[in-house]
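# After the sequence you'll find the predicted model.
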Amino acid sequence: MTRRVVIIGTGMGGLTAALRLAQQGLNVRVIEARKEAGGLASAFEKDGFVFDAGPYILLDRPGLEWAFRSLGLELSDRVTLRRIEDVYEVFSSEGATVHFYADEERTAAGMEAEWPGSGQRYQRFVAEMREAHQQLSPLLTVSHPGPASLFHNRAFTRIPFLLRSLGSVLKRANLPQPVVDAIAIWTQIAGQPIDEAPSPLAFVPALIHSVGAFYPVEGIGTIPRTLARAAEEAGVEFQYGTTVRSIVAHDGRVRGVETNQDEIISADAVVSNYNGIGTYLEMLADTPARAREKLKMLPLQSPGACAYLAVRGEIEPPYLRFQLPQNGELCRLLVTPAVVAPELERNGWAPARLISPMKYESAERLSLAQQREHLDRLLAESWWRKSFNEVRVLHTRVPSEWGAQYGLYQNSMNPVMTSRFMRAGRLAHRSPHARGLYLAGSSTHPGQWVSFCAISGILAANDLLEDMN
Ligand SMILES: Cc1cc2nc3c(=O)[nH]c(=O)nc-3n(C[C@H](O)[C@H](O)[C@H](O)COP(=O)(O)OP(=O)(O)OC[C@H]3O[C@@H](n4cnc5c(N)ncnc54)[C@H](O)[C@@H]3O)c2cc1C
């Protein structure tokens, strides 16, 4: 008899899990609350421009390629990726600018000119991180890294590195403070203090200078679209506009799901691509009280505030411009996709995005109106408008709206990966609380990049297949 699986959600993790399971002959039905697939990685159209809702850069092309290959797909055949040459710059509050190019020498030369001696130290740091990444990256595609995976590539020699925070790794590199701030900018994006962020975030410069940073010419939304199409072709049944209210379980085993239309869909297994914490606290009645208490303690990440713009004027590189304000607030970011894909310009107008990461607790203290005021203040700042003659705000999203529109648990993207959480272990793909329940997506991986979520779906599906055989 064909086994039936219900998947909750069509984010990156839900899609890769669905496709993998259908390819293995299972009967897969995906229930999605929204009208389309892709979750946070989906795109939307406004005034003739296509915007990615959330993601704007691919920093882990090999990880995404691994996920595609696991599904018998070749990423480069399906998605036109453009390598970003002039990647990002960070203006610090002290007036310093740090600039990152794909070209490592050029990046180091810029630092050297500003802070003599720092160029060489930067290159030493990049070389060390490149080596650490090579040793550790195979662990990203293993569901439960154990002794065997740690011995592979001698990854165990990097355990001390993994136990440190990003702050401590960067301190040892002995780089000028503006360079440290610029490398650590990705932790600000997650609303995390540098001393709580996990050490692998130090890999980003090494990735930019080796495999490269990429932007798909038609936007990141093409990635989930491609996966959804392949899943449909493989026989996955998609049910849009339906929300799963609860996971039905008896005697510690999953039996199916109940939807907001009072339908009970029976299944031999359920893969939840909804936030892992939300899955256990809201959907599964069987989650033990102790586990609930622990889950409630996990730090959450806000999607922040975002303005989707049409701009007219000089579209100049770099692709990403970060601004570190003087008042100690988190950074702001201007994204101009036309730097990488000039064909996005229409009649002199180009799409752009202004992004303001927010600390989860700060965002949650604000009402919807106050969150919008925060974004209005950002829009009123002058730094990002300098090279534009005209700006139109086509759409905005603040944390409460992200939460309502993308089905986010407590308006959060996921449990943010801190160095402490990483040491304690991430949420497992195979649920310890109900047999036949699996988690896929950003909750189960050390990071929230689309590549990690895609990998997570494959690993959840593999655990499920192993249990069924
Ligand atoms: C502003 C922003 C910027 C980002 N920038 C980047 C970037 O530059 N690079 C990068 O790699 N990543 C980036 N990310 C992160 C990345 O987009 C996400 O981590 C990733 O897309 C999440 O995938 P997921 O599999 O966890 O599922 P999600 O995208 O969370 O999707 C879950 C799906 O489940 C559905 N769902 C939820 N509950 C239910 C229910 N009860 N019933 C039915 N359906 C349900 C939702 O509607 C949704 O479609 C960014 C995210 C944001 C918000």
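Yep, that arrived. Here the structure is a predicted model, which is why all the values come from computation and not from measurement. Numbers count the residues shown, from 1 in each chain.

# wait, isn't Val254 in contact with Ala267?
Yes. Val254 is within contact range of Ala267, at 7.1 Å (criterion: CB atoms under 8 Å). The way it works is simple: take the backbone N, C-alpha and C, and place the C-beta from them, glycine included.

# what do these two both touch?
By CB atoms under 8 Å, 6 or more residues apart in numbering, Val254 and Ala267 have these common neighbours: Gly436.

# which bits of the stretch 151-300 of the chain sit near the ligand?
243-244, 273-274 (CB under 6 Å from any ligand atom).

# mind redoing it with 8 Å?
189, 220, 224, 242-245, 259-260, 273-275, 278, 283 (CB under 8 Å from any ligand atom).

# Please, where are all the helices along the stretch 251-400 of the chain?
In the stretch 251-400 of the chain, the helices defined using DSSP state H, counting those that start in this stretch lie at 276-278, 289-296, 360-365, 368-380, 399-406.

# looking at the ones you listed, which is buried most?
helix 276-278 (a mean of 23; mean count of other CB atoms under 10 Å).

# by contact count, what packs against that one?
With contacts taken as 3 or more CB pairs under 8 Å, 6 or more residues apart in numbering; DSSP states H and E, helix 276-278 sits against helix 289-296.

# Against which helices or strands is the helix it packs on packed?
Under the contact criterion of 3+ CB pairs under 8 Å, 6+ apart, helix 289-296 touches helix 276-278.

# Any idea how far the helix it packs on is from the middle of the chain?
Helix 276-278 has its C-alpha centroid displaced from the chain centroid by 16 Å (CA atoms, centre = their mean, to the nearest Å).

# List of residues touching it?
Against helix 276-278 from outside (CB under 8 Å, 6+ apart): 295-296, 298, 300, 409-410, 414-415, 427, 439, 441, 443-444.

# Nearest to the ligand, out of those residues: which one, please.
Gly441 (2.9 Å; CB to the nearest ligand atom).

# tell me which residues of the host helix or strand of Ile223 are tucked away?
Taking DSSP states H and E as the definition, Ile223 sits inside helix 222-233. Buried residues in helix 222-233, counting neighbours by 16 or more other CB atoms under 10 Å, are found at 222-228, 230-232.

# got the end-to-end distance for stretch 393-402?
17 Å (CA to CA, to the nearest Å).

# correction: stretch 202-220
Start-to-end, stretch 202-220 (CA to CA) is 24 Å.

# What lies in contact with the helix holding Ile223?
Helix 222-233 is contacted from outside by 10-12, 15-16, 18-19, 22, 28, 30, 37-39, 41-43, 64, 71, 73, 78-79, 216, 238, 450, 454, using CB under 8 Å, 6+ apart.

# Which pLDDT does the model give the residue nearest to Gly14 when sequence neighbours are not counted?
The shortest distance from Gly14 to any non-neighbouring residue, by CB to CB, 6 or more residues apart in numbering, is to Asn273 (3.2 Å). Note on Asn273: pLDDT of 98.

# thought Asn153 was touching Ala132?
No. Between Asn153 and Ala132 there is no contact under CB under 8 Å: 10.6 Å.

# of those two, who's got more company?
Using other CB atoms under 10 Å, the more surrounded residue of Asn153 and Ala132 is Ala132, with 21 against 15.

# Next, the buried residues of the host helix or strand of that one.
Assigned by DSSP H and E, Ala132 belongs to helix 118-136. Across helix 118-136, burial judged by 16+ other CB under 10 Å covers 118-119, 121-123, 125-126, 128-130, 132-133, 135-136.

# can you check stretch 302-312 too?
302-311.

# give the contact list for the residue nearest to Gly14.
For Asn273, the contact set (CB under 8 Å, 6+ apart) comprises 7-11, 13-14, 17, 39, 439-441, 457.

# Any chance of a markdown table for the helices of the stretch 251-400 of the chain, columns mean pLDDT?
Shown next, in a markdown table, are the helices of the stretch 251-400 of the chain (pLDDT from 0 to 100):
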| stretch | mean pLDDT |
| --- | --- |
| helix 276-278 | 95 |
| helix 289-296 | 94 |
| helix 360-365 | 95 |
| helix 368-380 | 97 |
| helix 399-406 | 98 |
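
# Which stretch among these approaches Ala102 most closely?
Nearest of those to Ala102, taken as CB to CB: helix 368-380 at 28.5 Å.

# what residues are up against Leu21?
Applying CB under 8 Å, 6+ apart to Leu21 gives the contacts 5, 7, 28, 271, 461, 464-465.

# and those residues, which are buried?
Buried subset of those (neighbour count, 16+ other CB under 10 Å): 5, 7, 28, 271, 461, 464-465.

# So what's the residue count around the residue in the chain that the ligand sits nearest to?
Nearest to the ligand in the chain, going by CB to the nearest ligand atom, is Gly11, at a distance of 1.9 Å. As a burial measure, Gly11 scores 31 neighbours (other CB under 10 Å).

# OK, contacts around the closest residue to it other than its chain neighbours?
With CB to CB, 6+ apart as the criterion, Gly11 has its nearest non-adjacent residue at 3.1 Å, and that residue is Gly39. Neighbouring residues of Gly39 by CB under 8 Å, 6+ apart: 9-12, 14, 224, 273, 406-407, 441.
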